[in-house]
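Student: return atomic coordinates for the entry below.
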Amino acid sequence: MDALVMAGGPGNRLGKGEKPLISLCGKPMISYVLDALHQSDGVDKIFVATSPHTLETRKYLENMRIEVVETKGIGYVSDLVEATEILGLRTPFLVVMSDLPLLSAKLIDEIIDVYWKINKPALSVYVPISVCKDASIRPSTVLNIDEELIVPAGVNILDGGLIKEGQEEHRLVLKYQELAVNVNTIDDLRICKQLLHL
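Tutor: Next up, the predicted model:
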């Protein structure tokens, strides 16, 4: 399965420049995500979607010989559709946010394995709100699904052939702290650094 890393957002909440390039224990944040994807058994090609908001990220990735697709930077969904069409992705592919530095190859493979066993075109990963609280993370989005409070993890699998349609999704709720740490604020960054040192 191919993977698309979304790295085109402005990252205004952090106020530290381009979010994918923020230094985390001496490495750009996006490099952690790319390392996990490279080490995954279930991932084939890796693409990264950038935008006019992340021009330095694009240069960094091109120097690393990572295939980059430039989107208009209008918004997450619009950029995702645009990148999918430019790349010609017509089969299921993994979508990962660039601000999930604790993501591991093992977790990625677990998610992909679940996808191949379900009979739906899309899969979305969530964590229970309790996992976020345990990590002292304050999520920006919380959903109440079947009386359970869950938080989108920023990892999805979509069918590229249906990218302009509503896709029935399988909700995969995983109790992993690594998926709860989506770096959007200075506090998230601090917590992430602490967890990386454990």
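Student: what segments of the protein are helices?
Tutor: Along the chain, the stretches classed as helices by DSSP state H are 29-39, 55-63, 76-87, 105-117, 129-134, 177-180, 186-196.
Student: mind putting those helices in TSV, mean pLDDT and mean neighbour count included?
Tutor: C-beta: built from backbone N, CA, C; applies to glycine. Converted to TSV, these look like this (pLDDT from 0 to 100; neighbours: other CB atoms under 10 Å):
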stretch	mean pLDDT	mean neighbour count
helix 29-39	96	21
helix 55-63	94	17
helix 76-87	95	18
helix 105-117	97	16
helix 129-134	91	17
helix 177-180	90	22
helix 186-196	85	16
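Student: JSON lines for the ones you listed, including distance to Gly11?
Tutor: What follows is these, written out as JSON lines (distance: least, CB to CB, whole Å):
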{"stretch": "helix 29-39", "distance to Gly11": "10"}
{"stretch": "helix 55-63", "distance to Gly11": "10"}
{"stretch": "helix 76-87", "distance to Gly11": "12"}
{"stretch": "helix 105-117", "distance to Gly11": "23"}
{"stretch": "helix 129-134", "distance to Gly11": "20"}
{"stretch": "helix 177-180", "distance to Gly11": "19"}
{"stretch": "helix 186-196", "distance to Gly11": "11"}
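Student: which one, of the ones you listed, ends up nearest to Gly154?
Tutor: Closest approach to Gly154 among these (CB to CB): helix 177-180, 7.9 Å.
Student: so what touches the closest one?
Tutor: The contact list for helix 177-180 (CB atoms under 8 Å, 6 or more residues apart in numbering) reads 100, 102-104, 107, 125, 127, 131-132, 134-135, 137, 139, 151, 153-155, 195.
Student: the same query, at a cut-off of 10 Å, please.
Tutor: Contact partners of helix 177-180, identified using CB atoms under 10 Å, 6 or more residues apart in numbering, comprise 36, 100-104, 106-107, 111, 125-137, 139, 151-155, 173-174, 188, 191, 195.
Student: CA atoms only for it - export them in CSV, please.
Tutor: Presented in CSV, the C-alpha positions along helix 177-180 are these (Å, rounded to 0.1, in the frame of the first residue of the first chain):
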residue,chain,number,x,y,z
GLN,A,177,-0.4,6.9,23.5
GLU,A,178,1.8,7.2,20.3
LEU,A,179,-1.4,8.0,18.4
ALA,A,180,-2.6,10.6,20.9
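Student: starting at the chain centroid, how far to it?
Tutor: Between the centre of helix 177-180 and the centre of its chain there are 12 Å (CA atoms, centre = their mean, to the nearest Å).
Student: hang on, the earlier thing: Val95 is nearest to which of the helices of the chain?
Tutor: Per CB to CB, nearest to Val95 of those: helix 76-87, 6.6 Å.
Student: counting by contacts, list what that closest one packs against.
Tutor: Packing partners of helix 76-87 (3 or more CB pairs under 10 Å, 6 or more residues apart in numbering; DSSP states H and E): strand 2-6, strand 46-50, strand 67-70, strand 92-97, strand 148-159.
Student: quick one on the thing from earlier: out of the helices of the chain, which comes closest to Gly17?
Tutor: Ranking the helices of the chain by proximity to Gly17 (CB to CB) places helix 55-63 first, at 7.7 Å.
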